[in-house]
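> kindly generate the corresponding structure for this input.
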Amino acid sequence: MAEPRKILVVQPSWVGDAVMATPALRALRELHPKAEIAYLARRYVKAIYTGMTWYDKLITYRTGRTKAKAGKGTLRLAARLRARKFDLAILLPNSFRSALLCKMAGIKKVVGYERDGRAFLLSDRLLPARDKGKYLPSPILRYYMGIVQYLGSRSRDLKMELFVTSSEKREAQAILARAGLDPELFRPGSKGSGPLVLLNPGAQYGDAKCWLPEHFAEAADRLIEERNATVLISGTPKERRILDAVHSHMKHAAVDLVAKGITLGALKEIIRRCDLMITNDTGPRHVAAAFNVPVVTIFGPTHPEWTEINFAKERRVSVKVFCGPCQKKRCPLDHRCMTRVSPGMVVDAGTELLSICGHVH
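Numbers count the residues shown, from 1 in each chain. I've put the predicted structure just below:
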């Protein structure tokens, strides 16, 4: 095939997966520096791509709340894509819908993994690793990079990378100010009184991924008492119940970023300023790693190999249980994979990272 002139990259739907796609996106731009590259992404994850220089056009969409609206939305979106006359589509998600959309848009070369019954819609099919019919755990970083390598890239650089725009920095400044914090004390390289620690107690995947709110609270209190930390708590509006539970169990005050109007763009900048994040296995974990921020990740039902990021400043905390990792969204038993992770285990991991990384606040 001739050198592609117009490339469409269908992006993942989840924040963490979108961040893990960044090495592949960087490699694609290096492979095709003169091509017009467009990203197709859900509006929810748009802020992940702001500030990037690896694309020429960002096309966003919303998913319909009903099947009828979703169907009409797909038809309209396919028409938009058809008008742009792409000659290559790269599918990062495994969904049938992403392949059907590109077929409807008249894109002749569609490259992706043979998943979700969509083989007949792909011009170029990559085979994921399987054993006896089951998909083997494979790091998503390498999974995405495999597509670009198939297209000719020789890159082996799996470092995740994000950017912050000037408007996102200003928005973060305003949020910190509304929280009663001096934004100047929480700049990378500044000298404050203690570390800036961000808790991320929710998870979009499901309840089974979530460590207990009272354990997050106890870990936060200890870091405040032992390290003079300033603690921020973040999440989504849908996670309000979890955030309130953490606050209610804490003895000391913490900053509720959701209540202060946090957005994904501003969150990137606030994470960049942090000395430590404590999180479940969810999207902000990857954002922290992309900004080289130390992170303690609590693993329960999910298999760590799927989201392996090879980040030296990460400490993964988990306990072995007979039933895990089960990959279930809701625990059918007693959630022992999470309840047996103690606050002490998490605080010890966080303290070790703060000491090794020599936080300057």
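
> quick one: list the elements packing against the host helix or strand of V296.
With secondary structure defined by DSSP states H and E, V296 is part of strand 295-298. With contacts taken as 3 or more CB pairs under 8 Å, 6 or more residues apart in numbering; DSSP states H and E, strand 295-298 sits against strand 276-280, helix 283-290, strand 314-317, helix 343-357. All C-beta atoms are positioned from the backbone trio N, CA, C, and that covers glycine.

> doesn't I37 make contact with D56?
Yes. D56 lies in contact with I37 (CB atoms under 8 Å); the separation is 5.6 Å.

> re the thing from before, in its sheet, what does the strand holding V296 sit against?
Sheet pairing here is set by DSSP bridges, and for strand 295-298 it gives strand 276-280 (parallel), strand 314-317 (parallel).

> now the longest one, how far from the centre of its chain.
Relative to the chain's own centre, strand 276-280 is displaced by 13 Å; criterion: CA atoms, centre = their mean, to the nearest Å.

> what residues does it touch?
Outside strand 276-280, the residues within contact range by CB atoms under 8 Å, 6 or more residues apart in numbering are 195-203, 209-211, 216, 219-220, 229, 271, 284-285, 288, 293-298, 300, 346, 350, 353-354, 359.

> state the mean pLDDT of that strand.
Taken as a whole, strand 276-280 has a mean pLDDT of 96.

> need the CA coordinates for it. CSV is fine.
Provided in CSV are the C-alpha atoms of strand 276-280 (Å, rounded to 0.1, in the frame of the first residue of the first chain):
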residue,chain,number,x,y,z
LEU,A,276,2.4,11.0,45.8
MET,A,277,-0.9,9.4,44.6
ILE,A,278,-2.7,6.5,46.3
THR,A,279,-5.2,4.9,44.0
ASN,A,280,-7.1,1.8,42.9
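
> angle of it against helix 343-357?
Taking axes from the mean of the first three to the mean of the last three CA atoms, to 10 degrees, one finds that strand 276-280 is oriented at 140 degrees with respect to helix 343-357.

> so strand 276-280 versus helix 283-290, what angle?
For strand 276-280 against helix 283-290, the angle by the same axes, to 10 degrees is 150 degrees.

> may I see the strands paired with strand 295-298 organised as TSV, with distance to C323 added?
What follows is those, written out as TSV (distance: least, CB to CB, whole Å):
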stretch	distance to C323
strand 276-280	18
strand 314-317	18
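
> skipping its backbone neighbours, what lies nearest L25 in space?
Once flanking residues are discounted, L25 sits nearest to W54: 5.1 Å by CB to CB, 6 or more residues apart in numbering.

> check L81 too.
A105 (3.7 Å).

> for R76, see how far away that neighbour is.
Going from A105 to R76 by CB to CB, to the nearest Å gives 11 Å.

> and for G180?
According to CB to CB, G180 stands 45 Å off from R76.

> now swap in A172 and tell me
For A172 relative to R76 (CB to CB), the value is 34 Å.
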